[in-house]
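Colleague: sequence? don't have it. structure:
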């Protein structure tokens with residue numbers, strides 16, 4: 001795992017999510033069941049729980065409070081900034097990454113990458129399923145479901161794509177563009 005950064009968000013939030021949504025556990029569950037629905041449900045529940053917990057008063061950091069105040073005043077900034085906060089908390093809780101590798105963050109697009117050596121689910125699957133099956137990237141449904149959940153719950157109409165995938169590119173690249 002990379003260097004730990006200070007996010008000024010209570011470690012308890014990250015630890016709670018990590019414990020409830022352990023990446024190795026979902027990888028093992030999938031390896032046994034071979035059901036993509038396991039990954040879809042994992043991603044959906046991960047984001048729902050992240051949003052629920054991170055909106056609690058005890059987990060609101062100063063930056064988030066300022067962002068919420070700015071969104072009230074301007075009616076803007078909710079996309080992509082508030083969604084990005086939820087995504088960052090979810091990913092930093094369950095993956096091996098020190099930061100979310102944001103490629104674009106503006107009023108029309110939010111995109112980011114997950115590198116192969118920073119994806120705990122992918123790394124766990126390497127030891128549990130065949131290389132042929134791993135190349136199909138069954139875990140993409142966890143991420144896509146997670147992202148779809150945050151954008152749907154926040155009522156953002158986006159085109160969600162995955163232009164790069166781990167087996168071919170060494171990373172997964174997720175892109176949400178407002179419609």
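Modeller: Alright, I've got the coordinates. No experiment lies behind these values; they were computed from the predicted model shown.
Colleague: show me where pLDDT drops low in the chain?
Modeller: Applying pLDDT under 70 to the chain picks out residues 1-7.
Colleague: Quick one: residues in contact with the biggest helix by length in it.
Modeller: In the chain, with assignment by DSSP state H, the single longest helix is helix 36-54. Applying C-beta atoms under 8 Å, 6 or more residues apart in numbering, the external contacts of helix 36-54 come out as 9, 13, 16-17, 20-21, 26, 29-30, 59-60, 85-86, 89-90, 93-94, 138-150, 153. No exception for glycine: its C-beta is placed from N, CA and C like everyone else's.
Colleague: swap in stretch 156-172?
Modeller: Residues contacting stretch 156-172 (C-beta under 8 Å, 6+ apart): 79, 83, 113-116, 119, 122, 134-135, 137, 140, 143-144, 147-148, 151, 173-179.
Colleague: Now do the end-to-end distance for it.
Modeller: Using C-alpha to C-alpha, to the nearest Å, the end-to-end distance of stretch 156-172 comes to 22 Å.
Colleague: Then stretch 84-103?
Modeller: Start-to-end span of stretch 84-103 (C-alpha to C-alpha) is 12 Å.
Colleague: how far out from the middle of the chain is it?
Modeller: Offset of stretch 84-103 from its chain centre (C-alpha atoms, centre = their mean, to the nearest Å): 6 Å.
Colleague: And the helices in the chain, which stretches?
Modeller: According to DSSP H, the helices that the chain contains are 11-20, 23-33, 36-54, 62-74, 83-94, 120-126, 131-135, 140-153, 166-169.
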